[in-house]
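Chemist: Give me a 3D structure for the following:
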Amino acid sequence: MQLVPCNFMTRLTAILGIVAILSATTFAQTAAQAPPDAPKPQAQQFDLKDYSKPYSHFPNPIKPYMPHAVSAPNLSNTQRISQLLQNGKLMLSLDDAIALALENNLDIAIARYNLNIADTDILRAKSGQSTRGVNTGVVQGTPGGGNGGIGATSTGGGAGGTSTGAGGAGAGTSGIVLSTSGVGAAVPSFDPFFTSSVTWDHARSLSPSAFSNPVTNQNTTTTDFSYNQGFAPGTSLSVGFNNSRGTTDATFSKFNPSLQSNFRATVTQPLLQGFGLLPNTRFIRIAKNNREISDVAFTLQVITTVNQIQDIYWDLVNAYENVKVQEESVRLAEKTLADNQKQVEIGTLAPIEVVRARSVVATNQQSLIVARTNLELQQLLMKNALSRTLVDPTLAEAEVIPTSTMALPEKEPVVPIQDLVSDGLSHRAELAESRIDLTNREITNKSARNALLPALNVSAYYGGSGLGGIQNPGNTCPPGTTPSDTSFCTPAGTFPPTGYGSTLSQLVDSTAPDKGVALSLTIPIRNRSAQADQVRAELEFRQAQMRLQQLENQVRIEVRNAQFAVTQNRAAVESAQAAVALAHESLDAEQKKYSLGASTTTLVLQAQRDMAQAQSNQVLAMANYQKSRVELDRSIGLTLDHNGILMDDAQRGEVSKMPHVPYVTPRTDVQAQPAQPQQ
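Modeler: Next comes the predicted model:
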């Protein structure tokens with residue numbers, strides 16, 4: 001019986017050991033299957049916060065004094081690119097290209113920050129400070145697509161800018177500078193300021209008077225508080241509250257220690273310059289208008305980039321089709337060379353014809369090399385435009401295969417030109433920016449007129465003071481004496497002890513009040529600075545009105561020109577199609593005649609060249625036609641609507657609804673699986 005407990009403990013230990021071994025083995029297998037350092041997918045959505053709202057003191061009272069954390073930019077590509085990679089090739093439709101541009105294009109990504117930057121101006125203006133301005137330009141740092149050539153930009157490529165300015169900040173809305181922005185009377189601070197100070201002071205002074213101590217020691221503790229705040233009508237409130245406690249060995253001091261308190265509340269209201277809501281809230285109104293301009297400017301950025309992506313895509317399709325044309329041209333030339341060599345061998349053809357055929361083959365091979373290198377360049381431009389980085393070797397080496405082709409509608413939709421012009425005037429982002437800018441200039445004009453007035457301020461104040469402490473023992477008459485017996489003494493109990501609470505009550509019980517009303521008038525004698533600012537603001541306002549009219553005229557011309565281009569390019573496509581049909585029939589006829597001995601090698605080669613040239617012209621004409629349709633959508637401001645693009649997706653950098661470009665069909669010679677929406 002004594003062995004039972006031992007056996008039980010032995011078995012229990014063995015079971016626990018087996019369980020521990022199995023658990024360790026299972027953990028090791030799990031760790032091997034899912035390594036802890038496996039990279040996690042990064043979120044691609046842009047952090048679009050509302051920076052116009054400040055941190056609150058509640059529930060964290062120190063939150064307003066802590067910095068905002070702005071996450072570093074995500075420089076990795078979205079998963080959509082990986083979904084489109086198939087066997088080392090990027091199978092790309094036009095809809096996919098636009099979706100990738102909305103998610104990855106760096107021009108859009110750079111401009112996206114302007115939305116948050118504009119919010120910070122609203123937050124700053126709400127405090128009563130002047131705005132710092134926003135960038136309203138279009139970023140054009142992506143080469144290709146008719147954007148000034150490779151590596152060039154049509155209008156300054158700085159961050160958020162369109163023309164001259166530090167960092168490409170741009171010259172102003174529609175190219176017109178508002179140099180008088182912020183002109184007007186000083187705006188009071190709408191953010192309250194609380195100030196306090198504590199001072200400890202020890203002073204030792206010598207006195208030349210025979211009626212005071214030769215040497216006086218004084219210790220003073222001072223605690224001061226002040227509160228200042230401005231309000232929208234221009235009213236400002238200032239409250240000061242001061243306290244001091246002092247000890248001294250001076251004989252003639254009434255109290256020792258002594259307590260002193262005083263306060264004053266002052267309300268000041270401008271009556272001329274700086275009076276009213278408009279001059280004092282102008283920065284807030286301008287900042288909110290600038291936020292609307294930033295929204296419109298970002299819309300213009302998306303439109304510009306989408307147009308550029310479509311142009312690059314059609315250039316890619318053009319290059320892709322041209323390679324096929326040149327390959328067919330080389331094949332036909334090589335076949336003709338082989339036929340000529342056989343006829344020379346049997347003596348039915350002069351050797352010079354072989355030399356002529358070889359020359360044509362070499363020429364066609366050169367054209368093929370040019371076409372292939374141009375295709376590689378267009379593929380590189382497309383990948384650069386649709387990605388944030390080309391570090392991934394799989395993407396860098398991948399061929400881009402366009403899976404969409406051009407579709408020519410049977411009939412062009414007939415829309416009256418006046419309707420197109422009306423659409424352009426209603427939807428063009430440039431005009432919306434200019435109209436909002438005019439509103440800002442009008443606010444500046446009114447503020448500049450107000451600044452012409454003299455400064456007349458009325459203020460009212462109320463305050464009080466209190467004094468307390470303990471009667472100075474050094475100034476108290478000795479027992480049994482009176483002030484007549486001992487000069488300069490005060491009978492004991494003359495000043496009852498007064499605490500700090502009683503001292504404070506004197507501030508408001510009219511013991512020692514301090515109240516009054518004041519008027520302050522300042523008249524600039526010549527007022528030249530205000531006159532210059534006012535007339536400059538008015539001139540810039542009129543200049544902006546002229547610029548708006550110029551933009552409207554420009555839109556009218558662009559719409560008409562775009563419609564003319566669509567009509568002309570459609571005619572060019574139909575002409576090119578007829579030319580291809582003619583060239584094909586001519587080549588077939590020459591080959592038949594040549595087989596019967598009724599034609600020459602020279603004529604056959606000429607027909608082949610004509611055929612290749614006609615096919616190249618047709619491909620180019622189709623590309624130009626599609627680009628003209630893209631330009632027509634841009635000129636009437638309906639690029640986003642016609643392509644099914646959501647601005648919310650563009651702002652987030654995450655596409656939830658796939659774009660859909662009209663008049664585009666899938667290629668029949670390319671098989672590709674559509675990209676799946678991101679989860």
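Chemist: just the strands in the stretch 1-150 of the chain please.
Modeler: 85-86, 89-92 (DSSP state E, counting those that start in this stretch).
Chemist: Most tightly packed of those strands?
Modeler: Of all these, strand 89-92 carries the top mean neighbour count, a mean of 22, counting by mean count of other CB atoms under 10 Å. Where you see a C-beta, it was placed from the backbone N, CA and C, and this is true even at glycine.
Chemist: Just checking: what are the partner strands of it?
Modeler: strand 85-86 (antiparallel), strand 399-402 (parallel) (DSSP bridges).
Chemist: Dump these into JSON lines; add distance to residue 420 and mean pLDDT as well.
Modeler: Formatted as JSON lines, those follow (distance: least, CB to CB, whole Å; pLDDT from 0 to 100):
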{"stretch": "strand 85-86", "distance to residue 420": "40", "mean pLDDT": "92"}
{"stretch": "strand 399-402", "distance to residue 420": "29", "mean pLDDT": "95"}
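Chemist: would you list those strands in a markdown table and tack on distance to residue 98?
Modeler: As requested, the strands paired with strand 89-92 are exported to a markdown table (distance: least, CB to CB, whole Å):
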| stretch | distance to residue 98 |
| --- | --- |
| strand 85-86 | 18 |
| strand 399-402 | 13 |
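Chemist: Of all the ones you listed, which one is nearest residue 201?
Modeler: Nearest of the strands paired with strand 89-92 to residue 201, taken as CB to CB: strand 85-86 at 76.6 Å.
Chemist: quick one on the thing from earlier: compare the strands of the stretch 1-150 of the chain and give me the one nearest residue 660.
Modeler: So among the strands of the stretch 1-150 of the chain, strand 89-92 is nearest, using CB to CB, at 15.3 Å.
Chemist: How far away from the center of its chain is the closest one?
Modeler: Centroid separation for strand 89-92 versus its chain: 30 Å, with CA atoms, centre = their mean, to the nearest Å.
Chemist: Pull the residues that contact that strand.
Modeler: Under the contact criterion CB atoms under 8 Å, 6 or more residues apart in numbering, strand 89-92 has outside partners 81, 84-85, 313, 382-383, 386, 395, 398-403, 670, 672-673.
Chemist: Just the C-alphas of it, formatted as CSV.
Modeler: Only the C-alpha atoms of strand 89-92 are listed here, as CSV (Å, rounded to 0.1, in the frame of the first residue of the first chain):
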residue,chain,number,x,y,z
LYS,A,89,2.4,40.5,-67.9
LEU,A,90,0.2,43.3,-66.7
MET,A,91,-3.1,42.7,-68.4
LEU,A,92,-4.5,46.2,-68.4
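Chemist: pLDDT on it, on average?
Modeler: The average pLDDT within strand 89-92 is 96.
Chemist: Chain neighbours aside, what residue packs nearest to residue 315?
Modeler: residue 378 (5.4 Å; CB to CB, 6 or more residues apart in numbering).
Chemist: Quick one: residues contacting the one you found.
Modeler: 144, 312, 315, 316, 319, 320, 400.
Chemist: Run through the strands of the protein in chain order.
Modeler: Secondary structure of the chain (DSSP state E): strands located at 85-86, 89-92, 193-206, 215-230, 236-248, 255-270, 399-402, 404-406, 455-471, 513-522, 664-666.
Chemist: Provide a ChimeraX selection command restricted to the buried entries of the contacts of strand 89-92.
Modeler: Only the buried members of these enter the following ChimeraX selection, criterion being 16 or more other CB atoms under 10 Å:
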select :81,84,313,382,383,386,395,398,400,401,402,403,670,672
